[in-house]
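>>> quick one, what's the 3D model for this:
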Amino acid sequence: MDNGMGEIEGKSHRGGFGDLGGEERGLIDRTFRERIIAVGFVGEGKDEASVLLELEELCSLINTAGADVVEIVIQKKSSPDPATFIGKGKAREIYDLAETLDVDTVVFNDELTPGQQFNLEKIFHRSALDRTAVILDIFAQNANTPEGKAQVELAQLQYRLPRLRGQGQNYSQQAGGIGTRGPGETKLEVDRRRLVRRVHKLKRQLKAVGAHRKNQSKKRRHSYNQSVAIVGYTNAGKSTLLNLLADSDAVVADRLFATLDPLTRRIQLPGGESIFLTDTVGFVQKLPHQLVEAFKTTLDVVIEADLLLHIVDCSHASPETQILAVRSVLEEIGAGEVPEVLVFNKSD
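Here you go, the predicted structure:
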């Protein structure tokens, strides 16, 4: 039965995220390969070809996260709908398609507001995720060191906090609406306060890590060795280059975001001079702001570098787009003025 928001009554579909999921194992459930509909949005000032490229990358991200895209849907609309992003009619179409294809989760190429996500899940009776959630999920899978895990957890909490929702009528209690005032606290309020405390603790831990990194950086500068950071789009071949130049053992894998933690090696150049060469986390289009903020201590090595080796995958359909995406993140973290050398990789 349809209500004011187009909600369809009945039991929610299986899935691994939020209140509509079972046991939570991250943002995408990997106890089985979820079946996904990927949704792109072509709005004013954006052409369909560029959105299709972004959707191709989104499908790769979803595959890396451990799920399968079974259908792609594109909505063409002058501007996003404030309530559902794609409009209620299109959302109902996607619900029907999801029922037909036995889909578990609908993933959007663009970031959804907490309200849009909530409204869409009411219509879909399934999880509604966005690109940010998928990238956070991949980072959570690949974080191995205590620092990396803390950074990813901080980013996930900052993403989830505004999306916390209570059960049933408790949805509105946090706002203190009519009929909700009274003694005691809702579970939502307790959960929110607990997560806020955890965020503050993680920020303190990462601040201490950042101070330690700065001390290490000072010691390296006192050695008069120049610092070179390898940057680039994810899966462009940064770790492979480090291994080749430094005879190192950085993890190399043909998948997105295989490297999260920086790895520094000292190498000697043919002229006898030594430099510090650092492999860094890869960038991507629409890299979540939460991740950029959380990984600031890791990205300091890029900001403080004397030179950036920007690795470009020239086999990609649009290397120019990837170059611009990387440079956008470099600007965001304050490394836009660091000297840069473009290195084109995968020419074979």
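>>> helix, strand, or coil at Gly40?
The three-state label given to Gly40 by DSSP: H, G, I helix; E, B strand; the rest coil is strand.
>>> specify the beta-bridge partners of it.
Taking DSSP bridges, one finds Ile74 as the beta-bridge partners of Gly40.
>>> that one and Leu53, how far apart?
10 Å (C-beta to C-beta, to the nearest Å). Bear in mind the C-beta positions are built from the backbone N, C-alpha and C, glycine included.
>>> and the end-to-end length of stretch 70-86?
19 Å (C-alpha to C-alpha, to the nearest Å).
>>> residues of that stretch that come out buried?
Using 16 or more other C-beta atoms under 10 Å as the test for burial, stretch 70-86 gives Val70, Glu71, Ile72, Val73, Ile74, Gln75, Pro80, Asp81, Ala83, Thr84, Phe85, Ile86.
>>> pLDDT of that stretch, averaged?
Taken as a whole, stretch 70-86 has an average pLDDT of 96.
>>> quick one: the buried residues of stretch 70-86 as TSV, columns for secondary structure and distance to Thr132 too.
Shown next, in TSV, are those (DSSP: H, G, I helix; E, B strand; the rest coil; distance: C-beta to C-beta, whole Å):
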residue	secondary structure	distance to Thr132
Val70	strand	22
Glu71	strand	21
Ile72	strand	19
Val73	strand	19
Ile74	strand	19
Gln75	strand	18
Pro80	coil	15
Asp81	strand	19
Ala83	coil	19
Thr84	coil	18
Phe85	strand	13
Ile86	coil	17
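>>> please identify the buried residues of stretch 333-348?
Ile333, Ala335, Val338, Glu340, Val343, Asn345.
>>> just say helix, strand or coil for the third one.
If I follow you right, that is Val338. Per three-state DSSP, the local secondary structure of Val338 is coil.
>>> look up how far Tyr233 lies from Ser239.
As defined by C-beta to C-beta, Ser239 lies at a distance of 13 Å from Tyr233.
>>> next: Glu332.
Per C-beta to C-beta, Glu332 is found 15 Å from Tyr233.
>>> of these two, who's got more company?
Counting neighbours by other C-beta atoms under 10 Å for Glu332 and for Tyr233 shows that Tyr233 has the greater number, 25 against 15.
>>> now the helices for the chain?
Secondary structure of the chain (DSSP state H): helices at 48-65, 88-101, 114-124, 131-142, 146-160, 187-222, 238-246, 289-294, 296-303, 319-333.
>>> which one's more surrounded, Gly40 and Leu53?
Neighbours per residue, other C-beta under 10 Å: of Gly40 and Leu53, the larger number sits with Gly40, 23 against 16.
>>> before we move on, back to that, any chance of the buried residues of stretch 333-348 in TSV with distance to Leu120 and pLDDT as columns?
As requested, the buried residues of stretch 333-348 are exported to TSV (distance: C-beta to C-beta, whole Å; pLDDT from 0 to 100):
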residue	distance to Leu120	pLDDT
Ile333	32	89
Ala335	36	93
Val338	41	96
Glu340	40	97
Val343	42	95
Asn345	39	92
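>>> show me where the stretch 51-200 of the chain dips below the pLDDT cut-off.
Counting by pLDDT under 70, the ranges of the stretch 51-200 of the chain that qualify are 166-188.
>>> how about Ala317, what does it touch?
Residues counted as contacts of Ala317 (C-beta atoms under 8 Å, 6 or more residues apart in numbering) are Leu53, Glu56.
>>> how near is it to Phe257?
20 Å.
>>> now do Leu154
17 Å.
>>> also Glu273?
Distance, Glu273 to Phe257, by C-beta to C-beta: 32 Å.
>>> more neighbours: which of those two?
When Glu273 and Phe257 are compared for neighbours, Phe257 comes out ahead with 21 against 11, by other C-beta under 10 Å.
>>> quick check: pLDDT value at the more buried one.
You'll see Phe257 listed with a pLDDT of 70.
>>> run through the residues that contact it.
With C-beta under 8 Å, 6+ apart as the criterion, the residues that contact Phe257 are Thr64, Ile135, Ile138, Phe139, Asn142, Thr234, Asn235, Val281, Gly282, Val284.
>>> mind listing residues that contact stretch 71-81?
Contact partners of stretch 71-81, identified using C-beta under 8 Å, 6+ apart, comprise 37-44, 48, 51-52, 55, 59, 86-88, 90, 93-94, 97, 101, 103, 110.
>>> can you select the buried ones from those residues in ChimeraX?
The buried subset of the contacts of stretch 71-81, as determined by 16+ other C-beta under 10 Å, is captured in ChimeraX by this line:
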select :37,38,39,40,41,42,51,55,59,86,88,90,94,103,110
